[in-house]
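A.B. asks: for reference, the sequence and a predicted model appear below.
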Amino acid sequence: MTSDPAAAAAFAAAFGGSADGRWDAPGRVNLIGEHTDYNRGYALPIALPQVVRCYAAVRAGDRVRVASQQYPGEVLGVSIVELGSANVDGWARYPLGVVNEFLRRGHSIGGIDLLLDSELPIGAGVSSSAAVECSVALAVSDLFSLGVTRDELVDIAHTAENFYVGAPTGKLDQSAAMHCTTGHAMLLDFADDHRTQVPFDLAERGLALLIIDTTTKHELAAGAYAERRSECERAAALLGVGSLREVNNTDDLAGLPTLLERRARHVVTENARVLAIADALATSADPRIIGPMLAAGHASLRDDFEVSTPELDTAVDVATAAGAYGARLVGGGFGGSVIALVEVADVAAIDHAVTAAFRSAGFADPRTLVAEAAAAARRVR
């Protein structure tokens, strides 16, 4: 780790010694396809250049120790035999949950030290938690020579988030972190986990995908997210289908209770938007044409799924008024970020307009970054 002196010092301070290697896993942002994964639908994510780095080392004994550069001074250690029942709160549940899931599946693992460092804003809707899980999963698999496939690593990370952390998410975030490729969006079919890489190079068209982090943190383990999932399951049951993926026409939703009809309408129309955008990108059409579909996705999340916030709506409205071709909230909602499809030449002006609007409304200043389609999780050294 000589090329990471700050991380080497932090690892030595937390655990003594040095790491055996470094594993990176990216954040992700969805072009389109929110709340479709657990409904066995479609999504179209890209991996981000910003990553979570996991520095890891095998250690003597049977303890798993974790530390984070984002939480300096906190080092938590749990014995392997106590992982499943350990009363752990906060950020440490994510890495510990992954190690526990390997053990629960019968993999042979000894003591390990894990130092995490994130370039991703926490709670911004760019899947920092999944990046933590995937970087740790890849490190554990490599260090103990477990030979686990990437598909199983996705399942391990996803199961850890569902049952150890308690967030009832689908597999979207982990799948993107493990399978996206540079210069492409990835069309994911959650009915059979089929993946198709779709060309996505905005720069050659003079375009940029601007991420606007509203700095309003969302908590997906909170009840509202679980409630939306339950509502979708109830709608599917009343319609007599295994999942809302099986419904292709909003006319088929007639007769559902009003609330469930709205929830289901979002899923059905969102699946259609994913396929339409993937087709537009695959046929090399001008990406500007997807702008109205991004806007329609936000309206659906805001009105039918009710997961937007005043900050998210303001970011969308102001970015659009300032020249964005389309904008929408990303991630599970209830806070987090917005994406906006913009001309490269307009990035600074849109950033300025949104910041000014937030200050006028009394909101905290937003943060922005430009998204590029990057590589999946990998060992760096």
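C.D. replies: Now that the structure is in, tell me what you want to look at.
A.B. asks: which helix or strand contains the closest residue to residue 20 other than its chain neighbours?
C.D. replies: Closest residue to residue 20 apart from its sequence neighbours, by CB to CB, 6 or more residues apart in numbering: residue 57 at 4.5 Å. No exception for glycine: its C-beta is placed from N, CA and C like everyone else's. Using DSSP states H and E, residue 57 maps to strand 42-59.
A.B. asks: list the buried residues in that strand.
C.D. replies: 42-48, 50-57, 59 (16 or more other CB atoms under 10 Å).
A.B. asks: all strands of the protein, in order?
C.D. replies: For the chain, the strands defined by DSSP state E cover 21-32, 42-59, 63-68, 75-79, 111-118, 184-189, 194-199, 207-213, 326-330, 337-343, 367-371, 378-379.
A.B. asks: contacting residues for the spatially most central residue of the chain?
C.D. replies: Per CA atoms, centre = their mean, the C-alpha nearest to the average position across the chain is that of residue 127, at 2.8 Å. Counting by CB atoms under 8 Å, 6 or more residues apart in numbering, residue 127 touches 27-29, 120, 173, 176-177, 331.
A.B. asks: quick one, phi psi at it?
C.D. replies: Here is the backbone geometry of residue 127 (degrees, to the nearest 10): phi 70, psi 40.
A.B. asks: what score does it have for pLDDT?
C.D. replies: Residue 127 is assigned a predicted lDDT (pLDDT) of 84.
A.B. asks: shaky segments in the protein?
C.D. replies: 1-3, 218-222 (pLDDT under 70).
A.B. asks: would you tell me which helix is longest in it?
C.D. replies: Longest helix in the chain by number of residues (criterion: DSSP state H): helix 258-282.
A.B. asks: nearest residue to residue 128 in space, please, no chain neighbours.
C.D. replies: residue 120 (4.1 Å).
A.B. asks: kindly report the same for residue 374.
C.D. replies: Nearest non-adjacent residue to residue 374 (CB to CB, 6+ apart): residue 49, at 4.3 Å.
A.B. asks: that neighbour against residue 26, yeah?
C.D. replies: Yes. Between residue 49 and residue 26 a contact is recorded at 7.1 Å, counting by CB atoms under 8 Å.
A.B. asks: so what sits against both of those two?
C.D. replies: Joint contacts of residue 49 and residue 26 (CB under 8 Å, 6+ apart) are residue 374.
A.B. asks: ok, the residue nearest to residue 128 - contacts?
C.D. replies: 27, 48, 50-52, 126-128, 131.
A.B. asks: with respect to residue 190, which of those residues is nearest?
C.D. replies: Taking CB to CB as the measure, residue 127 is the one of those closest to residue 190, at 15.7 Å.
A.B. asks: residue contacts, the residue nearest to the closest one when sequence neighbours are not counted?
C.D. replies: In space, and not counting its chain neighbours, residue 127 is closest to residue 173: 4.0 Å by CB to CB, 6+ apart. With contact set as CB under 8 Å, 6+ apart, residue 173 has these partners: 28, 127, 129-130.
A.B. asks: returning to that earlier point: now the contacts of residue 127 in JSON lines, with distance to residue 37?
C.D. replies: Converted to JSON lines, those look like this (distance: CB to CB, whole Å):
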{"residue": "27", "distance to residue 37": "16"}
{"residue": "28", "distance to residue 37": "12"}
{"residue": "29", "distance to residue 37": "14"}
{"residue": "120", "distance to residue 37": "19"}
{"residue": "173", "distance to residue 37": "8"}
{"residue": "176", "distance to residue 37": "10"}
{"residue": "177", "distance to residue 37": "13"}
{"residue": "331", "distance to residue 37": "12"}
